[in-house]
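Trainee: The sequence and its predicted three-dimensional model are supplied below.
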Amino acid sequence: MSEVITEFRNENTKNIDLLSTIDMVKKINEEDKLVALAIEDELPNIAEAVDTIAKQFLHGGRLYYYGAGTSGRIGVLDASECPPTFGVPSDMVIGIIAGGDGALRNAVEGAEDNFELGMRDAECLREKDVCVVISASGNPKYLLGVLKKADEIGCKTIALTCNHNAAILEEAGLGICVEIGPEVIAGSSRMKAGSVQKMVLNMLSTGAMIKIGKTYENFMIDLMPNNEKLKDRAIRIVAEIAGVTLSEAFEKLLECNWEVKTAIIMIKCDLSKEEAKEALRKNCGVLRRTLNSFEVFNN
């Protein structure tokens, strides 16, 4: 197996244990600054991945993240944030970690080396899904098993790694490789490599949700207002987009059971709740498309 750069010793931090606390955290911060710049080189591949995911979403597909250890935890984190942020079903974006949910809190020895386990965990995939495998080194046998099964099923595959020699890059349909050099602590890929993975997954899920109409401008119009903070956010979103007072927005949200898009259509197009919901249904739930249809109609 070829050497993995995240396992190398970082010459910039070799004496980090001798530094003052402030100088120590400065060193870590200096290394973290490199992450966004490294990602910039992979933006074309990331954009292609976003378009692939969005296209499969529109055909009823799901997005699966697979990873071991830190990579698996980051995938589960991104997946778990999609329902409350974008109002999507919990089975639309799914994170799977090698070794099962118990591995979220405790290391499961050997799970990342288990090719057959990867094959089994990927049996839930369908042809119209997208499978994203995540690994700093890009060499876990578990992920190679996932990709093998995904290939048999015929679903789209994307590899995210920090190693240009990664085996998963050879097996996946699309590769995203962000090399950020040796870690602050040799081999501790939860650091810069983990930051890379979090930032790229943010782009993949958020970008795909934007493409399928889950936002209006930069508002999260499909959020689920199930606590006071989110209810306050929903009120401000409706007031801003519809051009009304906060109290008017609040009243309309109460009338339509806190459905942000429905409230906006009711106000902007002067419709009843039922009429607004039907208008959204005819426009596949996309707010901008619905508003545009009424602007054309009214002209």
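Mentor: That came through fine.

Trainee: Report how many residues lie close to Glu217.
Mentor: 10 (other CB atoms under 10 Å). In this view, the C-beta of every residue, glycine as well, is placed from N, C-alpha and C.

Trainee: Same question for Ala193.
Mentor: 29.

Trainee: Just give the nearest non-adjacent residue to it, would you?
Mentor: Ala136 (3.8 Å; CB to CB, 6 or more residues apart in numbering).

Trainee: Likewise for Leu147?
Mentor: Glu171 (4.4 Å).

Trainee: what residue ranges in the protein are flagged as low confidence?
Mentor: Scanning the chain with the threshold set as pLDDT under 70 gives 1-6, 296-299.

Trainee: circling back: and the residue nearest to Ala193, what is it in contact with?
Mentor: Counting by CB atoms under 8 Å, 6 or more residues apart in numbering, Ala136 touches Val4, Thr6, Thr70, Ser71, Thr161, Cys162, Asn163, Ser189, Ala193, Gly194, Gln197.

Trainee: quick one: which of those residues sit in helices?
Mentor: Counting by DSSP state H, those place Thr70, Ser71, Ala193, Gly194, Gln197 in helices.

Trainee: The nearest residue in space to the first one that is not next to it in sequence: neighbouring residues, count only.
Mentor: Setting aside the residues directly before and after it, Thr70 is nearest to Arg190 in space (CB to CB, 6+ apart), at 4.3 Å. Residue crowding around Arg190 was assessed by other CB under 10 Å; the count is 17.

Trainee: How about Leu34, nearest residue that isn't a chain neighbour?
Mentor: Using CB to CB, 6+ apart, the nearest residue to Leu34 is Ile180, at 5.7 Å.

Trainee: do you know how far the one you found is from Met24?
Mentor: Computed with CB to CB, to the nearest Å, the distance linking Ile180 and Met24 is 19 Å.

Trainee: Kindly report the same for Tyr66.
Mentor: 34 Å.

Trainee: Look at those two and report which has more neighbours.
Mentor: Tyr66 (30 against 15).

Trainee: Looks to me like the more buried one is in a strand.
Mentor: Yes: under DSSP: H, G, I helix; E, B strand; the rest coil, Tyr66 falls within a strand.

Trainee: Now do the contacts for it.
Mentor: Tyr66 touches 72, 75, 96-98, 118, 121-122, 131-134, 142-143, 146, counting by CB under 8 Å, 6+ apart.

Trainee: Among those, which lie within helices?
Mentor: Per DSSP H, the contacts of Tyr66 map to helices at Gly72, Gly75, Gly118, Asp121, Tyr142, Leu143, Val146.

Trainee: Neighbour count for these - can I get that in JSON lines?
Mentor: JSON lines is the format used below for the ones in helices among the contacts of Tyr66 (neighbours: other CB atoms under 10 Å):
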{"residue": "Gly72", "neighbour count": "28"}
{"residue": "Gly75", "neighbour count": "28"}
{"residue": "Gly118", "neighbour count": "27"}
{"residue": "Asp121", "neighbour count": "23"}
{"residue": "Tyr142", "neighbour count": "28"}
{"residue": "Leu143", "neighbour count": "33"}
{"residue": "Val146", "neighbour count": "31"}
